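Chemist: Provided below are the primary sequence and the corresponding predicted coordinates.
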2 protein chains.
Amino acid sequence: MKLTILGCHSATPLENAHTTSQVLEVKDHLFLIDCGEGTQIQLRNQKIKFSRIKHIFISHLHGDHFYGLVGLVSTFRLLGRTADLHVYGPKGIKEVLTLQLKLANSWTNYNLFFHELEENESTLIFEDDTLRVHTLPLDHRVYTNGFLFEEKPGLRRLDKEKIKNYDIPHYDFQRLKLGKDLILEDGSLVQNNKVTLNPKPIKRYAFCSDTAYNESVVHLVEGVDLLYHEATFLDAHENLAEKTKHSTAAQAAKIAQLAKVKRLVLGHFSSRYRDKSGFLTEAAPFFDAVELAADGKTFDI
Amino acid sequence: MKLTILGCHSATPLENAHTTSQVLEVKDHLFLIDCGEGTQIQLRNQKIKFSRIKHIFISHLHGDHFYGLVGLVSTFRLLGRTADLHVYGPKGIKEVLTLQLKLANSWTNYNLFFHELEENESTLIFEDDTLRVHTLPLDHRVYTNGFLFEEKPGLRRLDKEKIKNYDIPHYDFQRLKLGKDLILEDGSLVQNNKVTLNPKPIKRYAFCSDTAYNESVVHLVEGVDLLYHEATFLDAHENLAEKTKHSTAAQAAKIAQLAKVKRLVLGHFSSRYRDKSGFLTEAAPFFDAVELAADGKTFDI
């Protein structure tokens, strides 16, 4: 998995502070998560091929997470896109996108599927052979979901050294990968765990923005390899965080600590803080494997 | 009048090619004309005080002229705006803005007035003591208006040298400015044109984007001090211009020539042309007082 931050700032876009959007590369997928105004420019800056995006996940319908979507959908059309596009987001997203396209008299020339969300419990919203995506219900001023991206366990791996000791035909390798024992032609048993290794560990990425301090998400993100959690404010503005249903750096770190995640990345910074170092300082006492997001920064998971 | 180009490119925003938006300063007003995605960033780049914008004119509801509006309206709220905002644009603009604000559960804390347009003839849409704004019906794929910004004639100006020859009390100066003759206390007549000069010449600015070649606009923009006319294509793509209801540089120049305008500024360039010099070359044979728009460029009118 590779995460690229396109924007990690709250409220309004500035020339050097883009609002929330990020791209997650995993297996053959390139998922776009949130889409603030100007996301299409940031995608170009990162030289990301537009046609690779087939699934877009929108956490909530505040402008700084969403106002770039209709422009991107329109640009896909101008670029001659033919591949299907799937958009996952709160109920209402279909109506507003459709209205905008209707007023512009510019329907897409590709299939545009909306998957509207209104559940208040974690829900499986995407699944294929290799991956699952679940919603993470968050606590914000409007209906909001984070998203958990989770690889499925792969097949067992053949132990190339050990397998040489047996006369196993190639066509039986798949049985071994699936965890089955073999009986060879001479009647002897090959125990699976003698010739195979465990599957590669699966990777899990959790995106949690925007949200007030919300312990109910802890069990859903337990042990993830990387948690991106919003930290709009510092301690000095904890009252503002409470009022606007955002988190402080310390609160984000407490969630990471409780959930025993492997790494924490903070983002969604308020523009009032020119110097971002306070976010690290205030998070570290609770969780020390913490880093700050930055526009254009990538994280290998 | 002072015109600042925020963006003058068609279709999709790029990092160094912003879609249509411009600001016209005239008298005490700062009018915003069109509002492509990212306009709020361009306003900041030009250090334009957001609170000075009280009237926004939207030509049509294609994304490259309009998708930045909802973000700007939301940012006004975040900045604590209290002044009224007036938005002039095609019917439908109210519904789509209102729906987006409703889904974000973020109503404006200032008065937001929509003036929806659906006339097919030039219509007076704004007037105060010093200015008038009329629509300029254009020929595009969706309902589209250009806009004509026109100063009202000012008062006559006192001729300071000549007025010394008469014993005119100060409280009669306003009568002279209004063009009236005076009878002094000794019964003598002061003819107005003996002591006053003509008002300053009025200035007129016409914005025409997007439109196919459209001679019906000629009489409406006759003699304007500056005509901004779209020129999306060069001659080589005249067929595309026809198909998409846009203009070539030569067609824009023909309109300027027929309307005997004083200056022509071309904009709304297709991104297919890296070198923009062809727009000047192809316009000049028809109209030589021609210049190219550029993001951030200003024109004193």
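Modeler: Right, received. Where do you want to start?
Chemist: Contacts only, for A:Ile183.
Modeler: A:Ile183 is in contact with A:189-190, counting by Cβ atoms under 8 Å, 6 or more residues apart in numbering or on different chains. C-beta: built from backbone N, CA, C; applies to glycine.
Chemist: Now A:Thr244: closest residue in space that isn't a chain neighbour?
Modeler: A:Arg141 (6.9 Å; Cβ to Cβ, 6 or more residues apart in numbering or on different chains).
Chemist: The one you found and A:Glu242: what is the separation?
Modeler: In this structure, A:Arg141 and A:Glu242 are 12 Å apart, going by Cβ to Cβ, to the nearest Å.
Chemist: Kindly report the same for A:Leu220.
Modeler: 22 Å.
Chemist: which one of those two has more residues nearby?
Modeler: A:Leu220 (18 against 15; other Cβ atoms under 10 Å in any protein chain shown).
Chemist: Let me know how buried A:Met1 is, in neighbour terms.
Modeler: Neighbours of A:Met1 under the rule other Cβ under 10 Å: 20.
Chemist: State the pLDDT value of it.
Modeler: A:Met1 carries a pLDDT value of 96.
Chemist: my guess is it meets A:Thr298, correct?
Modeler: No - between A:Met1 and A:Thr298 there is no contact under Cβ atoms under 8 Å: 10.8 Å.
Chemist: What parts of the stretch 51-200 of chain A come near chain B?
Modeler: Residues of the stretch 51-200 of chain A lying near chain B by Cβ under 8 Å from any Cβ of the partner chain: A:61-63, A:66-68, A:70-71, A:74-75, A:78, A:90, A:92-93, A:95-96, A:99-100, A:103-106, A:141-142.
Chemist: repeat that with 7 Å
Modeler: A:61-63, A:67-68, A:70-71, A:74-75, A:78, A:92, A:95-96, A:99-100, A:103-105, A:141-142 (Cβ under 7 Å from any Cβ of the partner chain).
Chemist: Make a PyMOL selection of the buried ones in these.
Modeler: Applying 16 or more other Cβ atoms under 10 Å in any protein chain shown to these, the buried members can be selected in PyMOL as follows:
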select buried, chain A and resi 61+62+63+67+68+70+71+74+75+92+96+99+100+103+104+141+142
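Chemist: Show me the residues of the stretch 51-200 of chain A next to chain B that map onto strands.
Modeler: With DSSP state E as the criterion, strands contain none of those.
Chemist: What about the residues of the stretch 51-200 of chain A next to chain B, which are in helices?
Modeler: Per DSSP state H, helices hold the following members of these: A:70-71, A:74-75, A:78, A:95-96, A:99-100, A:103.
Chemist: which one of those sits closest to B:Ala249?
Modeler: B:Ala249 lies nearest to A:Leu78 out of these, by Cβ to Cβ, at 21.4 Å.
Chemist: Tell me the confidence at the residue nearest to A:Thr244?
Modeler: Predicted confidence (pLDDT) for A:Arg141: 97.
Chemist: Also A:Val221?
Modeler: 98.
Chemist: can you pull the contacts of it?
Modeler: A:136, A:148, A:206, A:227, A:259, A:261 (Cβ atoms under 7 Å, 6 or more residues apart in numbering or on different chains).
Chemist: repeat that for 10 Å
Modeler: By Cβ atoms under 10 Å, 6 or more residues apart in numbering or on different chains, A:Val221 lies in contact with A:136, A:146, A:148, A:204-208, A:227, A:229, A:255-256, A:258-261.
Chemist: now do A:Gly80
Modeler: A:51, A:109-110.
Chemist: Which neighbours do A:Arg141 and A:Glu242 have in common?
Modeler: The contact sets of A:Arg141 and A:Glu242 overlap at A:Ala212 (Cβ under 10 Å, 6+ apart).
Chemist: So the closest residue to A:Phe113 other than its chain neighbours: helix, strand or coil?
Modeler: Nearest non-adjacent residue to A:Phe113, counting by Cβ to Cβ, 6+ apart: A:His86, 4.8 Å away. On the three-state scheme (DSSP: H, G, I helix; E, B strand; the rest coil), A:His86 is labelled strand.
Chemist: What does the pLDDT read for A:His86?
Modeler: So A:His86 comes in at 98 (pLDDT).
Chemist: For A:Met1 and A:Thr298, list the residues in contact with both.
Modeler: Here A:Met1 and A:Thr298 share the contacting residues A:Glu25, scored by Cβ under 10 Å, 6+ apart.
Chemist: would you list every one of the helices in chain A?
Modeler: A:39-45, A:69-78, A:93-103, A:160-163, A:173-177, A:192-195, A:238-244, A:249-258, A:277-283.
Chemist: Buried ones in the last one, by neighbour count?
Modeler: Going by neighbour count (16+ other Cβ under 10 Å), the buried part of helix A:277-283 is A:278-280, A:282-283.
Chemist: for the residues you listed, which one is nearest A:Phe114?
Modeler: Here the nearest of the buried residues of helix A:277-283 to A:Phe114, counting by Cβ to Cβ, is A:Phe279; it sits at 34.9 Å.
Chemist: The closest one is in contact with A:Tyr273, isn't it?
Modeler: Yes - using Cβ atoms under 10 Å as the test, A:Phe279 is close enough to A:Tyr273 to be in contact (7.6 Å).
Chemist: leaving aside the residues next to it on the chain, what's closest to A:Leu264?
Modeler: Counting by Cβ to Cβ, 6+ apart, A:Ala256 is the residue found nearest to A:Leu264 once chain neighbours are left out, at 4.0 Å.
Chemist: For the one you found, give me the pLDDT.
Modeler: Note on A:Ala256: pLDDT of 98.
Chemist: And it, how far from chain B?
Modeler: According to Cβ to the nearest Cβ, to the nearest Å, A:Ala256 and chain B sit 28 Å apart.
Chemist: Give the full set of residues in contact with that residue.
Modeler: With the criterion set at Cβ under 10 Å, 6+ apart, A:Ala256 makes contact with A:206, A:208, A:218, A:221, A:224, A:227, A:229, A:262-266, A:283, A:286-290.
Chemist: For PyMOL, write the select line for the buried members of these.
Modeler: Buried residues within the contacts of A:Ala256, by 16+ other Cβ under 10 Å, are selected in PyMOL with:
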select buried, chain A and resi 206+208+218+221+224+227+229+263+264+265+266+283+286+287+290
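Chemist: Out of the contacts of A:Ala256, which sit inside strands?
Modeler: Counting by DSSP E, those contribute A:206, A:208, A:227, A:229, A:264-266, A:290 to strands.
Chemist: Chain B contacts on the stretch 201-301 of chain A?
Modeler: A:Ser271 (Cβ under 10 Å from any Cβ of the partner chain).
Chemist: now A:Gly38: how far from chain B?
Modeler: A:Gly38 is 5 Å from chain B, by Cβ to the nearest Cβ.
Chemist: Could you do A:Pro153 as well?
Modeler: 38 Å.
Chemist: Pull the number of nearby residues for that residue.
Modeler: Summarising burial for A:Pro153: neighbours were counted as other Cβ under 10 Å, giving 11.
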